[in-house]
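Chemist: Dropping the sequence and predicted coords here.
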Amino acid sequence: MRLIRPLAALSAALVVTLTACSPDSAGATDDADGTTVVTVGTLKGQPHLYAPFLYSDLAPEGVEFEVVQFDTSPDIKNAVVSGNIDFGVAGIPSAISGAAAGQDVVVVAAAADGGSGIIGREGLDGIESLAGQTVGYPQGSSQEILLRLTLEQAGLDADSDVELVNLPFSDMASALDAGRIDAFASAELGPSTALQAGAVQVASPYDTPVGRVNIGLYTTGELIEQNPELVQQVVDTHIQATEQMAADPQAWADGVVEEFGIDQAVVETAVQNIWPRWEIDQEYTAQVAALIEQMAGLQQIDGEVDVDTLIDPQFVEATP
């Protein structure tokens, strides 16, 4: 199952980079003194995936957390299902893709809603104003789905009424600023970076059946079966972290700035577009099911995904 590593081998700062994540350096491990070290993956520089950086201060007795930083949500998902890390805070679409491919991935809590935006140059107002415009989007992402659904609800065809340009997340704001595109649909920090540079919000991306669903906490069914007590401890810690973020957005923003050195104004704008959460309720499950349906319709996934197998709410339901 997991490889044993002495606790003394851990860095004093419990944050490592992807290069440190290998079968020889990760996994839930028990030290001789009974301390369990849990590895949790998250993305670099993303305020909506900041919760793991709060886990250490909230950890229950006998548990320590090591945060492993990645560049993409699929990388986190792959590390979870391969056993290189124990948990991941990452995009729900990546968990769906993994489940569709037959991988062992289970969402045990929500982590953050929102974090998306449909942003454009000054003068654009409303989704209808995108007709005939050049719109950037990250192909295969939930933001592509939100854009397509929002256009469809306004009677616009994404493939004929606008010119779609596939761009990396990191290029959206700069492409808009340079005039290479008129608008974009993307994830934070792109929207907030563009807004700080004078762009405008064209339309809300959240008024679709998918809602605000974005980030979740997931692990494997194997770990759930073998150590449900540990999973419960991690979920309980995660709940405290998300509630702390929601209760004090300024401290959350300050923590992101301190951790990653990102512009304060951009981060403070971004956290207003993110809703930390942990609950899994019927509405959340229905929104994930809608996301699965849309991903299948766009052929982003090949296999079938049972939402009731993908999502396991037992741990959030059992939290004190």
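Modeler: The structure has been received and is ready for your questions. Residues are numbered from 1 along each chain as shown.
Chemist: Enumerate every residue touching A99.
Modeler: Neighbouring residues of A99 by C-beta atoms under 8 Å, 6 or more residues apart in numbering: 105, 303, 305-306, 309-310. The way it works is simple: take the backbone N, C-alpha and C, and place the C-beta from them, glycine included.
Chemist: Next step: the residues you listed restricted to helices.
Modeler: Secondary structure from DSSP state H places 309-310 of the contacts of A99 in helices.
Chemist: So among the contacts of A99, where is pLDDT lowest?
Modeler: Lowest-confidence member of the contacts of A99: G303, scoring 90 (pLDDT).
Chemist: what residues are up against the nearest residue to that residue once chain neighbours are set aside?
Modeler: Using C-beta to C-beta, 6 or more residues apart in numbering and skipping the chain neighbours, the partner closest in space to G303 is A100 (4.0 Å). Neighbouring residues of A100 by C-beta under 8 Å, 6+ apart: 295, 301-305.
Chemist: Nearest to I239 among those?
Modeler: When these are compared for distance to I239 (C-beta to C-beta), V305 wins out at 25.2 Å.
Chemist: now the closest one: how far from V107?
Modeler: Look at V305 and V107: by C-beta to C-beta, to the nearest Å, they are 11 Å apart.
Chemist: Over to Q300?
Modeler: The value you get for Q300 to V107, if C-beta to C-beta is used, is 17 Å.
Chemist: Between these two, point out the one with more neighbours.
Modeler: V107 (25 against 20; other C-beta atoms under 10 Å).
Chemist: just checking, that one is part of a helix?
Modeler: No: per DSSP: H, G, I helix; E, B strand; the rest coil, V107 lies outside any helix segment and is strand.
Chemist: list the contacts for the closest residue in space to A183 that isn't next to it in sequence?
Modeler: Here the nearest residue to A183 in space, its sequence neighbours aside, is G120; by C-beta to C-beta, 6+ apart that works out to 3.3 Å. Contacts for G120 (C-beta under 8 Å, 6+ apart) come out as 129-130, 133, 176, 182-184, 199-200, 202.
Chemist: PyMOL command to pick out the buried ones of those?
Modeler: Per 16 or more other C-beta atoms under 10 Å, the buried members of the contacts of G120 correspond to this PyMOL selection:
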select buried, resi 129+130+133+176+182+183+184+199+202
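Chemist: for the contacts of G120, which one is nearest A28?
Modeler: Taking the contacts of G120 together and measuring to A28 by C-beta to C-beta, the closest member is F184, at 39.2 Å.
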